[in-house]
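1. Sequence plus predicted model, see below.
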Amino acid sequence: MTGEQWAVERQNGVERFSLWADGSIVSEHTDCTVQLTPTELRALATAATATANTLEQQEDS
């Protein structure tokens, strides 16, 4: 896997935010307030944009 991915999971009422870059875990948080580093924020923005583009393509087909 290359690039960035992110996930938000809920388990036992706790949300866990995970961010991967190039296949390695970059950050994992289990609290409601997450302070991201500039690198994490860029990775999240890239992953969110890619997800949005994929969803738009699926809607168009």
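-> Yep, that arrived. Numbers count the residues shown, from 1 in each chain.
2. What about residue 18, how many residues nearby?
-> By other CB atoms under 10 Å, the residues close to residue 18 number 15. (C-beta placed from N, C-alpha, C; glycine too.)
3. partner residues bridging it?
-> residue 7, residue 28 (DSSP bridges).
4. hang on, it packs against residue 9?
-> Yes. Residue 18 lies in contact with residue 9 (CB atoms under 8 Å); the separation is 7.4 Å.
5. who's in contact with residue 6?
-> By CB atoms under 8 Å, 6 or more residues apart in numbering, the contact set of residue 6 is 17, 18, 19, 20, 43, 44, 47, 48.
6. what's the answer for residue 5, then?
-> Neighbours of residue 5 in contact, by CB under 8 Å, 6+ apart: 19, 20, 47.
7. so how far is the helix or strand hosting the last one off the chain centroid?
-> Think residue 47. Per DSSP states H and E: residue 47 is located in helix 38-60. Here helix 38-60 is found 9 Å from its chain centre; the criterion is CA atoms, centre = their mean, to the nearest Å.
8. next one: stretch 8-16
-> That offset, for stretch 8-16, works out to 14 Å (CA atoms, centre = their mean).
9. quick one: terminal-to-terminal distance for it?
-> End-to-end distance of stretch 8-16: 6 Å, with CA to CA, to the nearest Å as the criterion.
10. what does the average pLDDT come to for the helix holding residue 47?
-> For helix 38-60, the mean per-residue pLDDT is 83.
11. What helices and strands are in contact with it?
-> If contacts are counted by 3 or more CB pairs under 8 Å, 6 or more residues apart in numbering; DSSP states H and E, helix 38-60 sits against strand 4-11, strand 14-21, strand 24-29.
12. Distance from the chain centre to the first one, please.
-> What that stands for is strand 4-11. Worked out by CA atoms, centre = their mean, strand 4-11 lies 6 Å from the chain centre.
13. how far off strand 14-21 does it point, in degrees?
-> Calculated by axes from the mean of the first three to the mean of the last three CA atoms, to 10 degrees, strand 4-11 forms an angle of 170 degrees with strand 14-21.
14. now residue 15, nearest residue through space, not along the chain?
-> Among residues not flanking residue 15 along the chain, residue 8 sits closest, at 5.9 Å (CB to CB, 6 or more residues apart in numbering).
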